[in-house]
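Colleague: my questions are about this predicted structure, shown below with the sequence.
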Amino acid sequence: MRHNATASKSTNNHNKPSSNLKMTGSVRVRVIRSLLAIQQGQSLSSVLDPLLNSLHDGDKGFAHALLLTTLRQWHALARLLDSLADNPIDEIEVRTAIQVGLVQLLYLEVADHAAIHETVEATKEIEFARASGLVNAILRKVAKNTNKFRKKCDKNHSLPNWLAYQLKQDWSDEYAALTQGLRQPAPMFLRVNTAIKSTSEYQQILTDADISNELIELSSDLQFTDTVKTTTSVTQALRLEQSTAVSFLPQFAEGVASVQDMHAQLAAPLIELALTNKLTNDNQLADKNSQKEESKASTIQLLDACAAPGGKLAHWLELLTVDDESSLFHVKPSDDTNRTNTIKLTAIDNEASRIKRIHENLARLNLQKDDLERSAKTDIKLDIVCADATTWQGGSESKKQKSNQDRAVFDAILLDSPCTATGVIRRHPDISLLRHEEDIAQTVQLQAQILDNLWPQVKVGGYLLYVTCSILKQENVEQMQDFTARHSDASAIELTEACNWGMAQNIGRQCLPMDSDGGDGFYYALLQKSAQ
Ligand SMILES: C[S@@+](CC[C@H](N)C(=O)[O-])C[C@H]1O[C@@H](n2cnc3c(N)ncnc32)[C@H](O)[C@@H]1O
C-alpha cells in the first residue's frame, strides 16, 4: 500500500462491524491493522468492537487509548514523521507503525524501551521486517528528546490541511482554540428521562454510586416574531468527571438515563418550545374566533426527518410524555372540554440498518409505538419509516398529485441533517481521515435538497428546526442564508443573546468544541413559515 492511497469515501457499508479484520498478534499489531482499515475507508465504530472483543480485559484500555490517541494526533504525527525521515516514507504500513510508536512515546507515557521494542516487533509481525531498522531509528531519535518533539507536534493542528484552511476562513478568531479543542477527548454527558425522574434526583443517584458529575444548565431564549416577550427554556445535562461504560450507570437499562452530548440535548427542547408557541397561538386564534371548545382538539403532526439512531427523537418523546397537567400534550381524563391534542409523530431515515437502532434505543427507554399507545397521559402515534427525505412526501401520494396546501401537514419538523460531522471529531477522530474536501459541496447540496423537499410540508405558522453537528459555515449559517433567500415564506426566529450556549450567527447559533469540558460543535437555526 502506498502513502497516498488513503481513505476512500465513507459509505454505509463502512460503518458495519468489519468482519475481515485480522485480529491476531500483539495489541500493537491489532491497533495497526485497525488503523490501516480506517485509512482504507472503514469507520472507527466498525473496527473498534472487533478490536476490543479480540482482546483480554486487561489489554482493552491500552488498545482503546492507543487507537483513539493515534487518530486524534494523526495529522500532526504524520507531519512530524515527514520531518524526521531522511527520505519520504511511502508505505502506509510502515508510516502507521511509526505513528503508533510515536503516540506511545509522546502522549501515552509508555516506557521508551517498551514503546520502541514492541513497535519494532509489531512492524515485523505485519511483515515489514525490512523496515524495522528504520522504525527503530526514528523512534530512538524521538525518545532522546520527547519534550521537544511533543511540543513540535502540539504546535500545529492535527487536521487535514483543507479542513484547517476552511476553519481558518470561517473562525479566524477562534481558530487556535478550536483546532486544539478538536484533538482533545470529549467529556461524557448524560440526559435524564424527566418523564421518569428529575435530573437532580438522578444526579444524587450517581453521586451515591460514587460517579462524580456536574449539573449543566443551558438556557435557550427565543424571540418569536408574533410576540414582544422572549420565551425561555432550560435544558439540564449531567457531565461525568470521567467517562464510563454505560453498564456502570445506575438504572441505565431501565431507560432512566441516556448518553448524549450536552449540545445535542438542545434540539428537543427547542422544537418543543416552538411547537408550544404555535399551539398557544392556534388556541388563542380559535378563542378569538369563538369556536367551540371541542374544535380545539386537533391532531398535531410532527416529523423527525433524519432520525436515526434516535437520540433526539427519544428526547423529544420524553418531553412530550412528561406527566405535566399544564402541558398542551397532556391527556386529562377528567377534562370533558376535550382540549387535548393527539400527536402523530413520524420519524424517517433512509438507512434501514440505522432504523433498527432507533427501535433498539426506544425499546430501552420504553418509548416504542406500543408503549406510547398504552400511555394514559398522552396520545402519541409514532410511525418510523425508512425513506429518503429528499423526495418523501408525508408518506403518501407523490409530489405531483398534491397541491402545495395539501402537502403542508406538519406543525413542526426537526431536521437533524446529514452533515460532515466536523463538530464531533473529538468523539469520532476517524472523521479527520475519512472526510475529503469535495464532501463539503456534496453534503451542502444534499442538505439543500432535503430542506427544499420538506419546507412545503410545513404548515403556515409551523416551524422547522435545522440542526447539524458541523462547524463549517457552508453547511450552517450560509445554508440558512441561501435557503431563506430561496423561500420568501421562511423567517428565522432569533435565538437571543440570553442563550448561554453557542455564538450568534446571522441566522441561528453555532457551538464550537473549543474547551475540553464543553459540548460538541452543533449549529441550530429555527425557521417559521409565514403565509405568502
Ligand atoms: C445527524 S444523523 C441524525 C441523528 C439523529 N437525529 C439522532 O439524534 O440520533 C443524520 C441522519 O440522516 C440520515 N440521512 C442521510 N441522508 C438522508 C436522506 N436523504 N433521507 C433521510 N435520512 C437521511 C442518516 O442515515 C443519519 O442517520
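Modeller: Cool, the structure landed.
Colleague: next one: P187 from the ligand, what distance?
Modeller: 18 Å (Cβ to the nearest ligand atom, to the nearest Å). To be clear about C-beta, it is placed using only N, CA and C from the backbone, and glycine gets the same treatment.
Colleague: next, the contact list for G310, please.
Modeller: Counting by Cβ atoms under 8 Å, 6 or more residues apart in numbering, G310 makes contact with A347, R357, I358, N361, L362.
Colleague: swap in 7 Å and give it another go.
Modeller: If you count contacts by Cβ atoms under 7 Å, 6 or more residues apart in numbering, G310 has them with R357, I358, N361, L362.
Colleague: show the pLDDT at the first one.
Modeller: What it means is R357. Here the pLDDT value assigned to R357 is 97.
Colleague: could you check how many residues crowd around it?
Modeller: By other Cβ atoms under 10 Å, 16 other residues sit near R357.
Colleague: now do it against S83, distance only.
Modeller: From R357 over to S83 the distance is 43 Å, taken as Cβ to Cβ, to the nearest Å.
Colleague: go on, the third one?
Modeller: Summarising the geometry, the distance separating N361 from S83, computed by Cβ to Cβ, is 46 Å.
Colleague: and these two? Which one has more around it.
Modeller: More crowded of N361 and S83, by other Cβ under 10 Å: N361, with 19 against 9.
Colleague: ignoring the adjacent residues along the chain, who's closest to the more buried one?
Modeller: G310 (4.4 Å; Cβ to Cβ, 6 or more residues apart in numbering).
Colleague: what's the answer for P309, then?
Modeller: R357 (3.8 Å).
Colleague: for that neighbour, which residues are in contact?
Modeller: With contact taken as Cβ under 7 Å, 6+ apart, R357 is in contact with A308, P309, G310.
Colleague: would the first one count as being in a strand?
Modeller: No. Assignment of A308 by DSSP: H, G, I helix; E, B strand; the rest coil gives coil, placing it outside any strand.
Colleague: count of neighbours near E109?
Modeller: Neighbour count of E109, defined by other Cβ under 10 Å: 9.
Colleague: give me the pLDDT for K288.
Modeller: Note for K288: predicted pLDDT of 73.
Colleague: which parts of the longest helix along the chain are buried?
Modeller: As assigned by DSSP state H, the longest helix anywhere in the chain is helix 267-288. For helix 267-288, burial by neighbour count (16 or more other Cβ atoms under 10 Å) applies to 267-279, 282-283, 286.
Colleague: could you do stretch 136-154 as well?
Modeller: In stretch 136-154, residues buried by neighbour count (16+ other Cβ under 10 Å) are N136, I138, L139, V142, A143, T146, F149, R150, K152, C153.
Colleague: from the residues you listed, pick the one nearest E91.
Modeller: Using Cβ to Cβ, I138 comes nearest to E91 of the buried residues of stretch 136-154, at 13.7 Å.
Colleague: so which residues on the stretch 201-350 of the chain come close to the ligand?
Modeller: When proximity is defined as Cβ under 6 Å from any ligand atom, the stretch 201-350 of the chain approaches the ligand at C306, A307, A308, P309, G310, G311, K312, I348, D349, N350.
Colleague: 5 Å - rerun?
Modeller: Residues of the stretch 201-350 of the chain lying near the ligand by Cβ under 5 Å from any ligand atom: C306, A308, P309, G311, K312, D349, N350.
Colleague: how close does the nearest residue to the last one once chain neighbours are set aside get to the ligand?
Modeller: Counting by Cβ to Cβ, 6+ apart, D388 is the residue found nearest to N350 once chain neighbours are left out, at 4.6 Å. Using Cβ to the nearest ligand atom, one obtains 5 Å as the distance from D388 to the ligand.
Colleague: now name the helix or strand holding D388.
Modeller: Assessed by DSSP states H and E, D388 sits outside every helix and strand.
Colleague: name the SS class of the residue of the stretch 51-200 of the chain found nearest the ligand, please.
Modeller: Relative to the ligand, the nearest point of the stretch 51-200 of the chain is R191 (11.0 Å; Cβ to the nearest ligand atom). Following three-state DSSP, the label given to R191 is strand.
Colleague: would you mind measuring from it to A363?
Modeller: R191 is 17 Å from A363, by Cβ to Cβ.
Colleague: just L68 next, same as before
Modeller: L68 sits 29 Å away from A363, going by Cβ to Cβ.
Colleague: any low-confidence regions in the stretch 151-300 of the chain?
Modeller: Applying pLDDT under 70 to the stretch 151-300 of the chain flags the ranges 290-297.
Colleague: and the strands in it?
Modeller: Taking DSSP state E, counting those that start in this stretch, the strands of the stretch 151-300 of the chain run over residues 189-192, 213-223, 231-240, 257-259, 299-304.
Colleague: partners of the third one, with directions?
Modeller: Pointing back at strand 231-240 there. Using DSSP bridges, the strands paired with strand 231-240 are strand 189-192 (antiparallel), strand 213-223 (antiparallel).
Colleague: next, the buried residues of the shortest one.
Modeller: Translated: strand 189-192. By neighbour count on 16+ other Cβ under 10 Å, the buried set for strand 189-192 is F189, L190, R191, V192.
Colleague: residues of this protein that sit close to the ligand?
Modeller: 306, 308-309, 311-312, 349-351, 354, 388-390, 416, 418.
Colleague: which residues does the worst-scoring helix or strand of the chain on mean pLDDT contact?
Modeller: Here the helix or strand of the chain ranked lowest by mean pLDDT, DSSP states H and E is helix 404-407, holding a mean of 78. Residues outside helix 404-407 that contact it (Cβ under 7 Å, 6+ apart) are Q393, G394, P456, Q457.
Colleague: swap in stretch 509-523?
Modeller: 171, 174, 177-178, 181-182, 184, 186-187, 239, 261-264, 422-424, 426-427, 467-471, 476, 495, 499, 501-503, 508, 524.
Colleague: for it, the distance to its chain's centre please.
Modeller: 11 Å (Cα atoms, centre = their mean, to the nearest Å).
Colleague: just the CA trace of that stretch, in PDB.
Modeller: What follows is stretch 509-523, C-alpha atoms only, in PDB (Å, rounded to 0.1, in the frame of the first residue of the first chain):
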ATOM      1  CA  ARG A 509     -26.400  29.900  16.700                       C
ATOM      2  CA  GLN A 510     -23.100  27.900  16.400                       C
ATOM      3  CA  CYS A 511     -21.500  25.900  19.200                       C
ATOM      4  CA  LEU A 512     -17.700  25.200  18.800                       C
ATOM      5  CA  PRO A 513     -15.900  22.500  20.600                       C
ATOM      6  CA  MET A 514     -13.100  24.700  22.000                       C
ATOM      7  CA  ASP A 515     -12.600  23.600  25.600                       C
ATOM      8  CA  SER A 516     -12.100  20.100  26.900                       C
ATOM      9  CA  ASP A 517     -15.200  20.100  29.200                       C
ATOM     10  CA  GLY A 518     -17.600  21.700  26.700                       C
ATOM     11  CA  GLY A 519     -20.100  20.200  24.300                       C
ATOM     12  CA  ASP A 520     -19.700  19.200  20.700                       C
ATOM     13  CA  GLY A 521     -19.800  21.500  17.600                       C
ATOM     14  CA  PHE A 522     -23.500  22.000  16.800                       C
ATOM     15  CA  TYR A 523     -25.500  24.500  14.700                       C
END
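Colleague: that'll do, ta.
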